[in-house]
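Trainee: here's a sequence, model it:
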Amino acid sequence: MDATFDVSLETGSPGESAAAKIPEGLQKRHQTRIEDVERRREAKESQSVAEEKGEYFNTAFNTERAAIEELLSSCSGADRAVLTQRLEEAMNKTVQLQKFLNDSVLFLTQYELRQAQAALQKLQTSLAETREEGLPKKKFAFRARTKASDQVSAPVADMPYTNATATPADPGSTKVDGAPASEQCGFSNMENVRLTKMAEEMKHGDVLLTHLTNCKVRLFGSPSTLHLKHIDNCEILCGPVSSSVFVDHCTNSTLAFPCQQLRTHHTTDTQVYLHVTSRAIVEDCHGVSFAPFSWSYPTLEDDFAVSGLDKDRNNWSQVDDFNWLALGTQSPNWTVLPEADRKTTWDP
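Mentor: Got it, this is the predicted structure:
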């Protein structure tokens, strides 16, 4: 009896778990290996899903793009009624394609995103050119340079808005698909004036504002892309921009627009009232503050629909500073504009 009792004490009871005999360190290493294998499996599955989504996007996007191009090609020689119908169909398809791109941006690579944006902008330009060729509007001649010079001495607050064609854009400005700068929509080399453009003038195309000083600008409609260069002491409000807004060398100004993405360079002491569906980017900037987009006008809802932007997704306060790489620490180059300092009403 005594021998049997001693053995029982050394070997433990028959129901004792084998796992309890494994040293704690080995158990932890084993659990760590299991978790690591699980993480790699989940990462692989996630990458596979992203690749599948990207492949589906590219196939669907290119198929729809080809259908729109074929529709625009069929407009050649068509009578006015058929042409109007086909242009409307092409516009609706283009709007849906823009929305498809906006909804897919989270899983696309930067290369895929740039390629799709370029293809979409080319489609929008072709659509505008086909409309202009098939349904031309009457041409009006403006003496813009004379008007601008006459208005320089007048206070901005006392000036009515004008949609006079601006002087030609500077040679170094961005061009739309190689189009001459003189064919671009926008304003250039103006001071102390109030300027406006409507949707039918912008034609959902590329808009360039450059070398403006002490101006107030209103852009009613949905341009494809907006470029702001060399802007000083201006207030610029724009309807929904379906793709990108590029700001370069802007100072002491107030800007407001919805867009898919914003890239801001060499800009100081400027307030941006923003609706953006991706993330804003600043580089070589200082004193830039952000607030949610608050401008409104009668056709804003329609212009949002044309742009394809998601009204429910606004990342206005999510800003990436390419000059500030300290993760977890707020960049000193931009801030969120305090609510008490935000504009809630705007001039017409």
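
Trainee: model confidence for E45, exactly?
Mentor: At E45, the predicted lDDT confidence score is 58.

Trainee: cool, and M159?
Mentor: 54.

Trainee: what's the answer for H249, then?
Mentor: In this prediction, H249 carries a pLDDT score of 96.

Trainee: now do the contacts for it.
Mentor: Contact analysis of H249 by CB atoms under 8 Å, 6 or more residues apart in numbering lists K229, H230, I231, H265, H266, T267. (Glycine included, C-beta is placed from N, CA and C.)

Trainee: of those, closest to T94?
Mentor: For those, the minimum distance to T94 (CB to CB) is 26.8 Å, reached by K229.

Trainee: what about the closest one, which helix or strand?
Mentor: The secondary structure element spanning K229 is strand 225-232 (assigned by DSSP states H and E).

Trainee: residues near V207, how many?
Mentor: In terms of burial, V207 registers 26 neighbours under the definition other CB atoms under 10 Å.

Trainee: kindly report the same for R39.
Mentor: The local packing of R39 (other CB under 10 Å) involves 10 other residues.

Trainee: need the pLDDT of A18.
Mentor: Reading off the confidence values, A18 has pLDDT 52.

Trainee: before we move on, the earlier item: from the contacts of H249, which is closest to K216?
Mentor: I231 (11.7 Å).

Trainee: rewinding a little: can you redo the contacts of H249 as JSON lines with neighbour count, pLDDT and distance to R279?
Mentor: Output for those, formatted as JSON lines (neighbours: other CB atoms under 10 Å; pLDDT from 0 to 100; distance: CB to CB, whole Å):
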{"residue": "K229", "neighbour count": "22", "pLDDT": "96", "distance to R279": "22"}
{"residue": "H230", "neighbour count": "18", "pLDDT": "96", "distance to R279": "25"}
{"residue": "I231", "neighbour count": "25", "pLDDT": "97", "distance to R279": "22"}
{"residue": "H265", "neighbour count": "16", "pLDDT": "94", "distance to R279": "16"}
{"residue": "H266", "neighbour count": "16", "pLDDT": "95", "distance to R279": "19"}
{"residue": "T267", "neighbour count": "25", "pLDDT": "97", "distance to R279": "17"}
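
Trainee: so which elements touch the helix or strand where S104 lies?
Mentor: Using DSSP H and E, S104 maps to helix 80-104. In terms of contacts (3 or more CB pairs under 8 Å, 6 or more residues apart in numbering; DSSP states H and E), helix 80-104 is packed against helix 24-73, helix 110-134, helix 300-307.

Trainee: the very next helix or strand once past the shortest one: how far from the chain's middle?
Mentor: If I follow you right, that is helix 300-307. Using DSSP H and E, the next helix or strand after helix 300-307 towards the C-terminus is strand 319-321. The offset between the C-alpha centroid of strand 319-321 and the centroid of the whole chain comes to 14 Å, using CA atoms, centre = their mean, to the nearest Å.

Trainee: same thing with stretch 314-322?
Mentor: Using CA atoms, centre = their mean, the distance between the centre of stretch 314-322 and that of its chain works out at 11 Å.

Trainee: contacting residues around that stretch?
Mentor: With contact meaning CB under 8 Å, 6+ apart, stretch 314-322 is reached by 274-283, 285, 290-293, 331, 333-334, 336.

Trainee: quickly note the distance from L26 to L228.
Mentor: If you measure L26 against L228 using CB to CB, to the nearest Å, the figure is 63 Å.

Trainee: buried ones in stretch 129-138?
Mentor: Of the residues in stretch 129-138, those scored as buried under the neighbour-count criterion (16 or more other CB atoms under 10 Å) are E129, T130, R131, G134.

Trainee: still on that earlier bit, which among the contacts of stretch 314-322 end up buried?
Mentor: Buried subset of the contacts of stretch 314-322 (neighbour count, 16+ other CB under 10 Å): 274-278, 280-283, 285, 290-293, 331, 333-334.

Trainee: closest one of the buried residues of stretch 129-138 to Q117?
Mentor: After measuring these against Q117 - CB to CB - the closest member comes out as E129, at 18.6 Å.

Trainee: and that closest one, how far is that from S76?
Mentor: Taken as CB to CB, the spacing of E129 relative to S76 amounts to 12 Å.

Trainee: can you map out the helices along the stretch 151-300 of the chain?
Mentor: Ranges of helices within the stretch 151-300 of the chain are 199-202, 300-307, based on DSSP state H, counting those that start in this stretch.

Trainee: elements contacting the strand holding K229?
Mentor: Applying 3+ CB pairs under 8 Å, 6+ apart, one finds that strand 225-232 contacts strand 206-213, strand 244-251, strand 254-259.

Trainee: now do the domain split for the chain, please.
Mentor: Structural domains assigned to the chain are 28-134, 144-341, following automatic domain parsing.

Trainee: what's the most buried one of those?
Mentor: Per-residue neighbour counts averaged over each of those give the maximum for domain 144-341, namely a mean of 18 (mean count of other CB atoms under 10 Å).

Trainee: coming back round to it: can I get the helices and strands packed on strand 225-232 in CSV including distance to C238?
Mentor: Compiled in CSV, these are given as follows (distance: least, CB to CB, whole Å):
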stretch, distance to C238
strand 206-213, 8
strand 244-251, 8
strand 254-259, 4
